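A.B. asks: fold the following, please.
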Amino acid sequence: MADYVIAIDQGTTSSRAILFDKAGTIVSTGQLEHEQIFPKAGWVEHDPKEIWNNTREVIGQALSKANVTRHDVAAVGITNQRETAVVWDKTTGEPVYNAIVWQDTRTQSIVDELAKDGGVERFKDIVGLPLATYFSGTKIKWILDNVDGAREKAEAGDLLFGTTDTWVLWNLTGGTDGGVHVTDVTNASRTMFMDLETLEWRDDILEVFGVPKSMLPEIKSSSEVYGHAHSSSLLRETPIAGILGDQQAATFGQAAFQKGESKNTYGTGNFLIFNTGEEIVRSKNGLLTTLGYKLGDAKPHYALEGSIAVTGSLIQWLRDNLNLINSAPEVEKLAETVEDNGGVYIVPAFSGLFAPYWRPDARGAIVGLTRYANKGHIARAALEATAFQTREVLDAVNADSGVNLEELKVDGGMVANDALMQFQADVLGVPVIRPKVTETTALGAAYAAGLAVGFWSDLDELSANWAEDKRWEPQMDDTEAQRQLRLWKKAVTKTFDWVDEDVQ
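C.D. replies: Predicted structure coming up:
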């Protein structure tokens, strides 16, 4: 009997392979960062071949560190940066263009054109999403419209599309030698092309976008055997049996399986997901309606999502663009050199504002500056921006669901920052709880794969694995918290309407 499940976590900044045991404990990890490509302002790309090569290497790292082989691995799960679009030639296996990343805003003109007939919520009742540059549908259209020969190849049936889960799966199962071309419902629900009720691609929407259906992967559940690793892989013959988009995977890894449960992931961006069970709840407060998970033949679980574009990447910006810090963890020490933000607020609308505003015309701003302000205040304001944005999303979740969240489970890289987590509890007014295993994204993908092959028996067994590590209780006076939130909202309004015909 195999003792482990391996998860491939293909993220925005790196690819990782993490080996988990039956208790959901991390045994070993392999990780490699990939290049962030910025050809123009607002454009963000990745090299799909670099991602695949890194994925192969990190699998080897994880196996070798644990001194195990494929015979010790029961199944492979995949989780991924959602909405990032890869289009490749199925005959050669070569991408026709770099992957266009979820943060990329180049497709705004496509959004504007499609919104002329019915507005940005033209398809929202069907797909749960507004028209926005965020989702992969407009990215596919841009590639077909702008890459020489791409549309002709697509219409001839020679091109395939996938988010990075599909790209990794296709290559892992053989690529041009019999690669499996599928995705799961959670990733399909981020394209703008999948009907939330039928879980099938909508021919009428594809026609509006001008995307041939032959490009699209087959939609499967989040937990079933899709295929087996190719003979050229270190994992050869191992079943690939779970796929979940990264935020849904983190929710699954947090054991938030039931209606009313939620989590917030602090990564490149922040993503709060609230499980609405088998009910499709259509947001009236700027949230997305999305798939939570679907296990085999069971009914799907849906969710409301608050997507925040820039949180952890704001700290990277302080490091890489402003050179205020040398490493991301240093931001906490710098922030602690001051007692408060000194009246400084940073609204990181680098890609416009996502939930709950959906303002593509917004751009980042630092407001409230005086001669008193120093780099400590800037560092503190950057951390606080993450907490304020989360508060606004949580308010929207409470309004849509009609139930006030009583606590918030958190995960992701930034939850190691005690100062941020305490401030988060303060501005939310509810406890913030970190689990012992904070790599919940990879864990969720492992769980989905393990369930499909019987490595774990049921959701109750997974729930029993969850354990609390630390809890932060609100300490700030409510009057002060409301004052801070009022000033934050005032700062947000200063970012609106920046992009016009003269400013792109």
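A.B. asks: what segments of the stretch 251-400 of the chain are helices?
C.D. replies: Secondary structure of the stretch 251-400 of the chain, counting by DSSP state H, counting those that start in this stretch: helices at 312-320, 330-335, 375-401.
A.B. asks: of all those helices, which lies closest to residue 291?
C.D. replies: In terms of C-beta to C-beta, the element of the helices of the stretch 251-400 of the chain nearest to residue 291 is helix 375-401, at 16.5 Å. Bear in mind the C-beta positions are built from the backbone N, C-alpha and C, glycine included.
A.B. asks: residues contacting the following helix or strand past that closest one, please?
C.D. replies: The helix or strand immediately downstream of helix 375-401 is strand 408-411, counting by DSSP states H and E. With contact meaning C-beta atoms under 8 Å, 6 or more residues apart in numbering, strand 408-411 is reached by 250, 253-254, 256, 261-266, 394, 421, 424, 428, 430-435, 438-441.
A.B. asks: which residue sits farthest out from the middle of the chain?
C.D. replies: Computed with C-alpha atoms, centre = their mean, the residue of the chain farthest from its C-alpha average is residue 371, at 38.0 Å.
A.B. asks: any idea how far it lies from residue 343?
C.D. replies: Separation of residue 371 from residue 343 (C-beta to C-beta, to the nearest Å) stands at 12 Å.
A.B. asks: ok, residue 361 next?
C.D. replies: Distance from residue 361 to residue 343, by C-beta to C-beta: 26 Å.
A.B. asks: again with residue 450
C.D. replies: 50 Å.
A.B. asks: same drill for these two, tell me which one is more crowded.
C.D. replies: Ranked by neighbour count (other C-beta atoms under 10 Å), residue 450 and residue 343 place residue 450 first, with 27 against 14.
A.B. asks: what packs against the helix or strand the more buried one falls within?
C.D. replies: Under the criterion of DSSP H and E, residue 450 resides in helix 440-453. The elements that helix 440-453 packs onto, with contact taken as 3 or more C-beta pairs under 8 Å, 6 or more residues apart in numbering; DSSP states H and E, are strand 4-10, strand 14-20, strand 73-80, strand 223-228, strand 239-245, helix 246-253, strand 262-266, helix 459-465.
A.B. asks: tilt between that helix and strand 262-266?
C.D. replies: 130 degrees (axes from the mean of the first three to the mean of the last three C-alpha atoms, to 10 degrees).
A.B. asks: with just CA atoms, put helix 440-453 into PDB.
C.D. replies: Only the C-alpha atoms of helix 440-453 are listed here, as PDB (Å, rounded to 0.1, in the frame of the first residue of the first chain):
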ATOM      1  CA  THR A 440      -3.700  24.200   2.400                       C
ATOM      2  CA  THR A 441      -3.800  24.800  -1.400                       C
ATOM      3  CA  ALA A 442      -1.500  21.800  -2.000                       C
ATOM      4  CA  LEU A 443      -3.200  19.800   0.700                       C
ATOM      5  CA  GLY A 444      -6.600  20.300  -0.900                       C
ATOM      6  CA  ALA A 445      -5.400  19.000  -4.200                       C
ATOM      7  CA  ALA A 446      -3.900  16.000  -2.400                       C
ATOM      8  CA  TYR A 447      -7.200  15.400  -0.600                       C
ATOM      9  CA  ALA A 448      -9.200  15.400  -3.800                       C
ATOM     10  CA  ALA A 449      -6.800  12.900  -5.400                       C
ATOM     11  CA  GLY A 450      -6.600  10.700  -2.400                       C
ATOM     12  CA  LEU A 451     -10.300  10.500  -2.100                       C
ATOM     13  CA  ALA A 452     -10.600   9.300  -5.700                       C
ATOM     14  CA  VAL A 453      -8.300   6.300  -5.100                       C
END
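A.B. asks: tell me the angle that helix makes with strand 223-228.
C.D. replies: Using the same axes, to 10 degrees: helix 440-453 against strand 223-228 is 90 degrees.
A.B. asks: contacting residues for residue 302?
C.D. replies: Taking C-beta under 8 Å, 6+ apart, we find residue 302 in contact with 196, 275, 276, 277, 278, 279, 280, 281, 289, 290, 291, 292.
A.B. asks: now do 10 Å
C.D. replies: Neighbour list for residue 302: 128, 185, 189, 196, 259, 274-281, 289-294 [criterion: C-beta atoms under 10 Å, 6 or more residues apart in numbering].
A.B. asks: equivalent analysis for residue 54, please.
C.D. replies: By C-beta under 10 Å, 6+ apart, residue 54 lies in contact with 10, 14, 15, 16, 17, 30, 31, 32, 33, 34, 47.
A.B. asks: what are the C-alpha coordinates of whichever strand or helix holds it, in PDB please?
C.D. replies: Element membership for residue 54 (DSSP H and E) is helix 48-66. Provided in PDB are the C-alpha atoms of helix 48-66 (Å, rounded to 0.1, in the frame of the first residue of the first chain):
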ATOM      1  CA  PRO A  48       4.600  27.700 -20.200                       C
ATOM      2  CA  LYS A  49       7.600  25.600 -21.100                       C
ATOM      3  CA  GLU A  50       9.500  26.900 -18.100                       C
ATOM      4  CA  ILE A  51       6.500  26.000 -15.900                       C
ATOM      5  CA  TRP A  52       6.400  22.500 -17.300                       C
ATOM      6  CA  ASN A  53      10.200  22.000 -16.900                       C
ATOM      7  CA  ASN A  54      10.100  23.300 -13.400                       C
ATOM      8  CA  THR A  55       7.200  21.000 -12.600                       C
ATOM      9  CA  ARG A  56       9.100  18.000 -13.700                       C
ATOM     10  CA  GLU A  57      12.100  19.100 -11.600                       C
ATOM     11  CA  VAL A  58      10.200  19.800  -8.400                       C
ATOM     12  CA  ILE A  59       8.500  16.400  -8.600                       C
ATOM     13  CA  GLY A  60      12.100  14.900  -8.500                       C
ATOM     14  CA  GLN A  61      13.100  17.200  -5.600                       C
ATOM     15  CA  ALA A  62      10.100  16.100  -3.500                       C
ATOM     16  CA  LEU A  63      10.600  12.400  -4.200                       C
ATOM     17  CA  SER A  64      14.400  12.500  -3.600                       C
ATOM     18  CA  LYS A  65      14.100  14.500  -0.300                       C
ATOM     19  CA  ALA A  66      11.700  11.900   1.100                       C
END
